[in-house]
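sequence plus the predicted model coming up.
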Amino acid sequence: MNKKKLYPMWFAALPLTLYIAFFLFPSLMGIFYSFTDWGSRTAVNGLHFVGLQNYFEIFTSHENYGQGIANTLRFTVISNIVKLVPALFLAIMLQEGLKGKGIYRTILYLPSILPFVIIGLIFRSVLNYQSGLLNAGLTAAGLGFLKQKWLSDLHVVWGSIFGVDAWRGIGYVMTIFLAGLNAIPHDYYEAAMIDGADFWQKLRYVTLPMMKGAVMINLVFGITYGLKVFDIVYVLTNGGPGHVTEVITTYSYQLYSSGRYGMSTALNTILLVITAAAGIAVVRVMSRRETEAA
Amino acid sequence: MKRNMLAVILSYVCAAALLSGCGSGGAANAPAGEAESGAPQTEAPAESAEEDAEVPAKEGGAGESAPADGVVIEAVANEGQFDGEELSILVSAGWMDSRYDAVIARFEETYGVTVDLQTIPADQYSDILQSDLANGTCPDVFWIQSNPFAISSVIVDPENYCIDFTGEAWEAVMPKARLSSCTSDGKLYGLQIWHNSPEYVMLYNKTLFEELGINKTPSTYEELKADCKIIAEAGITPWFMPGADGWQHQLAFFQIGGSYEAQQPGLYEALNSNKAVFAGNEGMLTVLKEFKELSDLGYFGEDWIGTDSTNMSNEFGDRTCAMAMANSSYIQQIKEDTGTGDEFGLFLIPLNDNDCYPTNPAGPTMFGYKSTPHEDLVRAFFTFLCTPESLQEILDNSPGYTNLDVNTVIEQHWLPEEEEFMASVDKAKMETPVLQTGTKYTNDYWMNFGADMVAYCQGTMEADEVLSNMDARRAEAAATADDPAWK
């Protein structure tokens, strides 16, 4: 026994058992079911192994699941960009001695704690073409030409989703950045100032390198959130208009609702693979950079 | 007929009217005044009542086979037979409510029993019922939201779970369209007592129409389009279409299922036996194209895809819209919500030049649990519910209903607008059920079809693709259900 260890290994037994029983085992069962015809009639018809049939169907079906996968990936990339960049600058602004910054932080963080259903109700109303606050505001400001069918125009609807998602998520991302900024010793900035560094140089050579941890956390959270996005799409458009904003999870939800559990788990398994691959890649890249920097 | 029950059934059936008056429709689909006119009732012995009870199932629909003066069921209680027994009923909230309270109280008093009503919140009901059936702990009576295919899809194994009521006299109380939701493999399992108010037909502002010089409601697509043009030129949205709800706009396609059947007789049967498909169907393609044309012309409003129904009654009250698909009861809601003095009316959805009434046999239906120790009491209860007195009591205690769709003469409470509308519809056009409940696996994909319709209207999908998608989904559902017709 290694006496340097504070706790014996069996301390891990209980959490490990719970983890295996309630997380790992169900996940593996889900993967298993994706190779079966599990459905609402299984109790009567029995469960049958169908090999890769569900996966084959996903990529050949009339439902255009491929578009759903592409939309999911697109959402993941763009939603992270529209949240991370503004959140970083907001965090820096609030860190730099802005008056009343506590109030601003609270205001910016508040949307993060609102349930998606409430956000959906609010923004479906705000973005309504006829009676919505946004179009009414634009008209009142003499900008009526900017009025849009925010949730029903094919070319605008994704922008609306990204906007609402950013409104909700920026505060949360910003809070993590603020924690990262607080951890940077002030001496570094003083040294940079003595060397004559301007704002951008301080950002480039001090802030960003020291914020890698916070960036990595936000990226991992953002990517996993983006890949499994459901709520914001469901409450705002439910995959519409038509099927323009369908993502993997909305399709999965539809399949489950129609009793095709096997197909639904196959789609979720694809999502699991993509999420795992993306998560591992991000962590590896960031870890490598940290090692190189060290 | 030998039964272990004390209730003796006597049925009074007017045989002459049954045979001769069948062409003009029954009480179920006719306004009260019309239903009450007819030949006087003739008493029939219990034995022959069973034969009569089978007639609607064999011969015709709600309109065709129902006797003009109605079927009368009588329940007679033998003293003491059920004393002290308890009848348990499992029901989802909203299906019985207070409308059954008086009937149940009278049943308890008549038979000396108690009724244990187990009302479950709607979102939990299905799970609890399935669990009870699987575990063998189901109450004596249970309900499902039935349609012609629900017994096999929801109950799955009616032979094992349901009391076979075949031959019960009260079968004749239900119109044929409703019977289709209560039978499986030729056996009667369920009892459906539900209303038949016009559902999702065209509701229009009659006063506004007259002011705009439209003195006749449109009965063809071209007439509809012409009227829409007049209304739109007056700066009013002709047809309020709440596309953002996701479930309303496709009613324009499905509620006129009778017109597809009329164009291609036998279509429903062929669709249900996998000998026909939606794709390429001329009538359906026509409707989709007409719908898109109205959308492109702006007759559904500037942004119907992004508009929901929240403000619909106000739109009517403010006269910013002239028509919408709605239930007849919505007229009252508009008047209550807005206080408008305008008059409203109803007409059939005229896409595809439709002249068929949207008969919908779906509705909450009660079944007897096969393993119950109180089978005779269950049978007595069902019979009791079908007596004219009970039916009248149920209707009178249902403020939301104006009628009950039964072949028994009771005092219906049709609204004047409903009476006018029902009188305008040929009874022969009431037989075909709406497409979504008249064909297998169609209703399951209601929302998907609606999304496809929007995609078609926005130009990202072709009309025939919308239909072929429905075929593909129905095939998937059939495969899940292990339907032999799709093998």
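Nice, I can see it. Because the structure is predicted, anything quoted here is derived from the model rather than measured.

near chain B, which residues of chain A are found?
By Cβ under 8 Å from any Cβ of the partner chain, the part of chain A that sits against chain B consists of A:39-41, A:43-45, A:61-63, A:124, A:128-131, A:149-152, A:154, A:238-244, A:254, A:258-260. C-beta here means a position set from N, CA and C on the backbone, and glycine is covered the same way.

strands of the stretch 101-250 of chain B, residue ranges please.
Secondary structure of the stretch 101-250 of chain B (DSSP state E, counting those that start in this stretch): strands at B:114-120, B:141-146, B:183-184, B:187-188, B:190-191, B:201-205, B:237-240.

can you redo those strands as a markdown table with mean pLDDT and distance to chain A?
Formatted as a markdown table, the strands of the stretch 101-250 of chain B follow (pLDDT from 0 to 100; distance: least, Cβ to the nearest Cβ, whole Å):
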| stretch | mean pLDDT | distance to chain A |
| --- | --- | --- |
| strand B:114-120 | 94 | 20 |
| strand B:141-146 | 94 | 15 |
| strand B:183-184 | 92 | 15 |
| strand B:187-188 | 96 | 19 |
| strand B:190-191 | 97 | 20 |
| strand B:201-205 | 97 | 19 |
| strand B:237-240 | 98 | 10 |
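
JSON lines for those, including distance to B:L288 and mean neighbour count?
What follows is the strands of the stretch 101-250 of chain B, written out as JSON lines (distance: least, Cβ to Cβ, whole Å; neighbours: other Cβ atoms under 10 Å in any protein chain shown):
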{"stretch": "strand B:114-120", "distance to B:L288": "39", "mean neighbour count": "15"}
{"stretch": "strand B:141-146", "distance to B:L288": "28", "mean neighbour count": "23"}
{"stretch": "strand B:183-184", "distance to B:L288": "33", "mean neighbour count": "20"}
{"stretch": "strand B:187-188", "distance to B:L288": "38", "mean neighbour count": "18"}
{"stretch": "strand B:190-191", "distance to B:L288": "35", "mean neighbour count": "26"}
{"stretch": "strand B:201-205", "distance to B:L288": "18", "mean neighbour count": "24"}
{"stretch": "strand B:237-240", "distance to B:L288": "16", "mean neighbour count": "24"}
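
in TSV, list the ones you listed along with distance to B:N354.
Putting the strands of the stretch 101-250 of chain B into TSV (distance: least, Cβ to Cβ, whole Å) gives the following:
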stretch	distance to B:N354
strand B:114-120	38
strand B:141-146	26
strand B:183-184	28
strand B:187-188	32
strand B:190-191	30
strand B:201-205	10
strand B:237-240	15
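
between those, which gets nearest to B:N78?
For these, proximity to B:N78 was assessed by Cβ to Cβ; strand B:114-120 is nearest, at 18.1 Å.

can you spell out which helices and strands pack onto the closest one?
With contacts taken as 3 or more Cβ pairs under 8 Å, 6 or more residues apart in numbering or on different chains; DSSP states H and E, strand B:114-120 sits against strand B:86-92, helix B:101-111.

what angle do the first one and strand B:141-146 make?
Right, strand B:86-92. 20 degrees (axes from the mean of the first three to the mean of the last three Cα atoms, to 10 degrees).

just to revisit the earlier point, to B:N160, which of the helices and strands packed on strand B:114-120 lies closest?
So among these, strand B:86-92 is nearest, using Cβ to Cβ, at 16.9 Å.

give me the sheet partners of the closest one and which way each runs.
According to DSSP bridges, strand B:86-92 has the following sheet partners: strand B:114-120 (parallel), strand B:141-146 (parallel).

of all those strands, which one is nearest A:N54?
Per Cβ to Cβ, nearest to A:N54 of those: strand B:141-146, 29.7 Å.

quick check: mean pLDDT across stretch B:398-408?
Averaged across stretch B:398-408, pLDDT comes to 87.

how about stretch B:90-104?
90.

and what of stretch A:239-248?
Regarding stretch A:239-248, the rounded mean pLDDT is 94.

same thing with stretch B:147-156?
Mean predicted lDDT for stretch B:147-156 stands at 82.

three-state assignment of B:G341?
Three-state call for B:G341 (DSSP: H, G, I helix; E, B strand; the rest coil): coil.

show me the contacts for it.
For B:G341, the contact set (Cβ atoms under 8 Å, 6 or more residues apart in numbering or on different chains) comprises B:T207.

do you know the pLDDT at it?
At B:G341, the pLDDT recorded in the model is 94.

what's the spacing between it and chain A?
Note on B:G341: its distance to chain A, by Cβ to the nearest Cβ, to the nearest Å, is 25 Å.

can you check B:V466 too?
Computed as Cβ to the nearest Cβ, the B:V466 to chain A distance reads 10 Å.

before we move on, back to that, let me have the helices and strands packed on strand B:114-120 in JSON lines, extended by mean neighbour count.
As requested, the helices and strands packed on strand B:114-120 are arranged in JSON lines below (neighbours: other Cβ atoms under 10 Å in any protein chain shown):
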{"stretch": "strand B:86-92", "mean neighbour count": "20"}
{"stretch": "helix B:101-111", "mean neighbour count": "17"}
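
closest to B:Y260 out of those?
Closest to B:Y260 of the helices and strands packed on strand B:114-120 is strand B:86-92 (Cβ to Cβ; 31.7 Å).

what about the closest one, distance to the chain center?
The chain centre lies 23 Å from the centre of strand B:86-92; the measure is Cα atoms, centre = their mean, to the nearest Å.

ok, residues contacting that strand?
With Cβ under 8 Å, 6+ apart as the test, strand B:86-92 has contacts from B:96, B:113-122, B:125, B:128-129, B:132, B:138-143, B:145, B:364, B:366, B:374, B:377-378, B:381.

fine by me, we can end here.
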